[in-house]
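S.K.: quick one, fold the following:
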Amino acid sequence: MLINREVLLAKIEATYNVDPIPTAALDAMLVENLSPANEGLRMTERPGVRASIGALQYVYGDTLRSISFDAELKGSGVAGTAPELGVLFRGCAFGETIAAGVSVTYAPVSTGHESLTLYYYQDGMLTKLTGARGTVSFAFEAGMPAKASFTFTGHTSTPTDVALVNPTFDTTTPEPFKGATFTIDSFAATIGQLSFDMSNQIAMPSDCSANDGFGEIRVTGRDVAGSIDPEKELVSVEAFEANMRNGTTMALATGVIGATTGNRYAVNMPAVYYRDLGDGDREGIRTLECSFGASEATTDDEVSIAFT
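M.R.: Numbering: from 1, shown residues only. Alright, predicted model coming up:
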C-alpha cells in the first residue's frame, strides 16, 4: 500500500454512532500525516496455574480506534460558508455560528457535543470510525500556513477491501501567518510563533451491553493552553514577569489573518494568563518562551476562531 494513496472522509452524525455514509464528493478532507492506532485495546492475559510454564492464549475483548492527522487552516472561499474543517471542529466540541454572507465562528461548547463518522481509505482498504469525538491543537508560524492537528477516537470494526475513492477537495489555498496585528495585554508583541491546544479529555467508558464493550465516547473536560515567543522587553515597555506573578488575565488576539474575503480568519482569547516564562533566542535576539493558559471570561469563550 502507498501512503500517498489515502483518503479521509468525515461527516456529522444525526444520531450518535449511526453511520451517515459520507461521500467522496461532499465529505473529503484534505489532510496530512494520517496515523491510525488502536485505542483502549482489551487483550486479557490468562495466568492459569498449570504444569507448563507456557502462556495461555490472551483473550481479545475488542478495541476502539483513533486517527490523528494535520490539516491546513483556511476558509471556504465564501464569507459565511463553513470551511472544510468546520465538520472536524464540531467533532472536537466546538459550536458553529454562521452569520449568512459574513462569517462562520467556532467556539467551545460544554453540552450538545456532535459526533462524526470517519472513513479512512488506504489504497484499497477501508476502515470506518463511528461515534467519533476528538481534540485539536493549532500551530502558527510566521510566514507559514497555520496547521490544525486532530486526534479522533471512535468505534470501529474489521477493515474491508474497498477500491480507493476519487475525492473532491475544497480548492482554497491557505493564507500564511503574516501581516497580523498580534496583541497580548493590549501590547503589540513581536512573535515568531503561536500555538495552543484545546486538550479535550476523551472518555471511553465501558458498557457491557455494547457490541464492542464500549459506551458513548464523550468529551468530559478541556484545558486550553498554549505558548508564544515574544521578543523580550524592558519592564517599562511590557511587564511579562509581573503579569505572571500577579495572575493577570489578558486578551490575546491575532488580528485578521489573510487578505481575501472568504479566506480570512482571526483568533481571539479574552482571558489568558502566563503559566511559565523562560528566556529564548531567535537569531541572536533575546526572546521569552511564554506558556499560557486560557480561561473563560464568561462561559465557553476561552477561544474563538472567526472565518470571514
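S.K.: quick one: pLDDT of L2?
M.R.: On pLDDT, L2 comes in at 81.
S.K.: for it, give its distance to G247.
M.R.: As defined by C-beta to C-beta, to the nearest Å, L2 lies at a distance of 52 Å from G247. No exception for glycine: its C-beta is placed from N, CA and C like everyone else's.
S.K.: give the contact list for the residue located most distally from the centre of the chain.
M.R.: Going by C-alpha atoms, centre = their mean, the residue of the chain most distant from its centre is A51, 51.9 Å out. Contact partners of A51, counting by C-beta atoms under 8 Å, 6 or more residues apart in numbering, are absent.
S.K.: do the same with the one 4 residues further on
M.R.: Listed by C-beta under 8 Å, 6+ apart, the contact partners of A55 are E45, R46.
S.K.: can you check A146 too?
M.R.: With contact set as C-beta under 8 Å, 6+ apart, A146 has these partners: E72, L73, F138, A139, F140, P174, F177, I257.
S.K.: which ones among the residues you listed map onto strands?
M.R.: Members of the contacts of A146 lying in strands (criterion: DSSP state E): E72, F138, A139, F140.
S.K.: per-residue pLDDT, the residue farthest from the centre of the chain?
M.R.: pLDDT for A51: 91.
S.K.: what is the burial count for the nearest residue to I217 once chain neighbours are set aside?
M.R.: The shortest distance from I217 to any non-neighbouring residue, by C-beta to C-beta, 6 or more residues apart in numbering, is to R133 (5.1 Å). R133 is flanked by 23 other residues according to other C-beta atoms under 10 Å.
S.K.: ok, and the closest non-adjacent residue to M1?
M.R.: D123 (4.1 Å).
S.K.: next: A25.
M.R.: Nearest residue to A25, sequence neighbours excluded (C-beta to C-beta, 6+ apart): T168, at 5.0 Å.
S.K.: against D70, how distant is the one you found?
M.R.: 20 Å.
S.K.: of those two, who's got more company?
M.R.: The neighbour count for T168 versus D70, taken as other C-beta under 10 Å, is higher for D70 (15 against 12).
S.K.: what strands line up against the one helix or strand that one maps to, and which way round?
M.R.: Here D70 sits within strand 64-72, counting by DSSP states H and E. Sheet pairing here is set by DSSP bridges, and for strand 64-72 it gives strand 32-39 (antiparallel), strand 147-156 (antiparallel).
S.K.: quick one: the strands in the stretch 101-250 of the chain, in order.
M.R.: 103-108, 116-122, 125-141, 147-156, 160-161, 183-184, 193-197, 201-203, 218-221, 225-228, 250-253 (DSSP state E, counting those that start in this stretch).
S.K.: dump the last one to PDB, restricted to CA.
M.R.: Output in PDB follows, covering the C-alpha atoms of strand 250-253 (Å, rounded to 0.1, in the frame of the first residue of the first chain):
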ATOM      1  CA  MET A 250      -5.100  39.400  29.400                       C
ATOM      2  CA  ALA A 251      -6.800  39.400  26.000                       C
ATOM      3  CA  LEU A 252      -4.900  37.700  23.200                       C
ATOM      4  CA  ALA A 253      -5.800  38.500  19.600                       C
END
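S.K.: residues in contact with it?
M.R.: Contacts to strand 250-253, defined as C-beta under 8 Å, 6+ apart, come from residues 181-186, 243, 266-273, 292, 294.
S.K.: go again with 10 Å.
M.R.: By C-beta atoms under 10 Å, 6 or more residues apart in numbering, the surrounding residues in contact with strand 250-253 are 180-187, 189, 194, 196, 226, 228, 243, 266-274, 292, 294, 297, 303.
S.K.: who's G134 bridged to?
M.R.: According to DSSP bridges, the residues that bridge with G134 are F152.
S.K.: can you report how many residues lie near it?
M.R.: Neighbour count of G134, defined by other C-beta under 10 Å: 25.
S.K.: could you double-check that it lies in contact with L64?
M.R.: No - when contacts are counted by C-beta atoms under 10 Å, G134 is not listed as touching L64 (11.8 Å).
S.K.: on that earlier part again, list the buried ones in the strand holding D70?
M.R.: Residues L64, R65, S66, I67, S68, F69, A71, E72 are the ones in strand 64-72 that count as buried (16 or more other C-beta atoms under 10 Å).
S.K.: most neighbours of all the ones in strands among the contacts of A146, which one?
M.R.: F140 (24 neighbours).
S.K.: residues touching that one, list them.
M.R.: 73, 146-147, 176-177, 180, 182, 191-196, 226, 228, 254, 257, 267.
S.K.: contact partners for the residue most central in space within the chain?
M.R.: Residue closest to the average C-alpha location in the chain (C-alpha atoms, centre = their mean): V136, at 1.6 Å. V136 makes contact with 71, 85, 88-89, 91-94, 148-152, 196-200, according to C-beta under 10 Å, 6+ apart.
S.K.: many thanks, I have nothing further to ask.
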